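Participant: Could you look at this predicted model? Sequence included:
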Amino acid sequence: MEDISLHILDLVQNSIAAGATLVEVFIRELPNEDHIWVQIRDNGRGMCEHQLSQVSNPFYTTRTTRKVGLGIPLFRASAEASGGSLQIQSHRGKGTTLLALFHSNHIDCLPIGKLEDTMAALIFMNPEVNFVYRHEISGRQFQMDTREIREILSEVNITDPDVIDWIKDYIKEGLEELNGGA
Amino acid sequence: MKSLKELEEIKQRTLDSVNLRKDRSGGTRVVVGMATCGIAAGARPVLLAFLEEVKKRNLGDVTVSQTGCIGVCRLEPMVEITCPGEEKVTYVSMTADKVRRIVAEHLVNGQVVTEYTIGAAE
């Protein structure tokens, strides 16, 4: 994957395949400490202990269509390439949380990428799922919650092209502000 | 700055437009492969380019959706297009630029862009 936002797009699709109705994406950048924390938390069906022990093995997958599953192994490899790590917690019936640490000063650390494109694609492709996206840089925070957006929209569909464009720009501008202006 | 108030206005505009009541079920289907292989190869800009073009040209009867791995990972990003009453066309090694040409020639004018299809790649 070219950047962290593409990993997030891929991994959130796992959450949705696991039946999640709410997925939270939380990014915390601490430039002074050389840390980027990426957390993906879902309320999907979770994994049993055996699945959890196998989940970083590229030759393990719950799919029946083919024998490899690369989403989590690739994410772990990207985090570790920057000297970071990936932790996975999962409870059957409750959900799964991925927490990755990237060291932003490491030469092999991936760029964060376009979170606005990842979130817009996820919301468009999965209108039945709610998303919370929170991004924190040195203590300042931006947040988007599709439940709030839906409340304003009422009967208008969240996948309406104008709404998707608005979401994309809303996140983009929110992040620019977090980064101290464009 | 984008505000929630602007979202209110979008809602009102959408409710006022006829588009909302249009039934898209019998129209053209565009399906983008969005599994790990597709995303790594560049499926996200392809999906977003289809959304943008369909919106820009106001193609009310086109549905854009996703699927998992289509099965030929080395030719990702892949897109399948099914026009009503016609056979499915599979486009391979897609980019946002190819999307713009396919929307103009295939979706608007009904001419398959043969050079981008899986048949031309194999």
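Facilitator: Great, that's in hand.

Participant: who's in contact with the strand or helix carrying A:T97?
Facilitator: Element membership for A:T97 (DSSP states H and E) is strand A:95-103. Residues outside strand A:95-103 that contact it (C-beta atoms under 8 Å, 6 or more residues apart in numbering or on different chains) are A:4, A:11, A:15, A:18, A:20, A:34-47, A:72, A:75-76, A:78-79, A:82-90, A:109-110. All C-beta spots, glycine's among them, are computed from the backbone N, C-alpha and C.

Participant: Drop anything exposed from the residues you listed.
Facilitator: Buried members of those, counted by 16 or more other C-beta atoms under 10 Å in any protein chain shown: A:4, A:11, A:15, A:18, A:20, A:36, A:38, A:40-47, A:72, A:75-76, A:78-79, A:82, A:84, A:86, A:88, A:90, A:109-110.

Participant: ranges for the strands of chain A?
Facilitator: In chain A, the segments counted as strands under DSSP state E are A:22-30, A:35-42, A:85-91, A:95-103, A:130-137, A:140-145.

Participant: Contacts for stretch B:9-16, please.
Facilitator: Contacts with stretch B:9-16, where a contact means C-beta under 8 Å, 6+ apart, come from A:I152, A:L153, A:S154, A:E155, A:V156, A:D160, A:D162, A:V163, A:W166, B:L20.

Participant: Show me the helices in the chain, by range?
Facilitator: Because you didn't say which chain, this covers chain A. A:4-17, A:49-54, A:71-81, A:115-125, A:146-153, A:161-178 (DSSP state H).

Participant: To clarify, I was referring to chain B.
Facilitator: Using DSSP H, the helices of chain B run over B:4-16, B:36-41, B:43-56, B:96-102, B:118-121.

Participant: Next one, pLDDT for the most centrally placed residue in chain A please.
Facilitator: Residue closest to the average C-alpha location in chain A (C-alpha atoms, centre = their mean): A:I8, at 3.6 Å. Looking at A:I8, its pLDDT stands at 97.

Participant: Who wins on neighbours among the contacts of stretch B:9-16?
Facilitator: Using other C-beta atoms under 10 Å in any protein chain shown as the neighbour criterion, A:V163 leads the contacts of stretch B:9-16 with 23 neighbours.

Participant: Give me the pLDDT for the closest residue to that one other than its chain neighbours.
Facilitator: Among residues not flanking A:V163 along the chain, B:I10 sits closest, at 5.9 Å (C-beta to C-beta, 6 or more residues apart in numbering or on different chains). As predicted, B:I10 sits at a pLDDT of 90.

Participant: Same check on the one 3 residues further on?
Facilitator: Reported pLDDT at B:R13 in the predicted model: 86.

Participant: now do B:P84
Facilitator: pLDDT for B:P84: 91.

Participant: A:K67 too?
Facilitator: Reading off the model, A:K67 has pLDDT 64.

Participant: picking up where we left off before, can you lay out the helices of chain A as JSON lines showing distance to A:R140?
Facilitator: Supplementary listing: the helices of chain A in JSON lines, determined by distance: least, C-beta to C-beta, whole Å:
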{"stretch": "helix A:4-17", "distance to A:R140": "19"}
{"stretch": "helix A:49-54", "distance to A:R140": "34"}
{"stretch": "helix A:71-81", "distance to A:R140": "24"}
{"stretch": "helix A:115-125", "distance to A:R140": "15"}
{"stretch": "helix A:146-153", "distance to A:R140": "20"}
{"stretch": "helix A:161-178", "distance to A:R140": "6"}
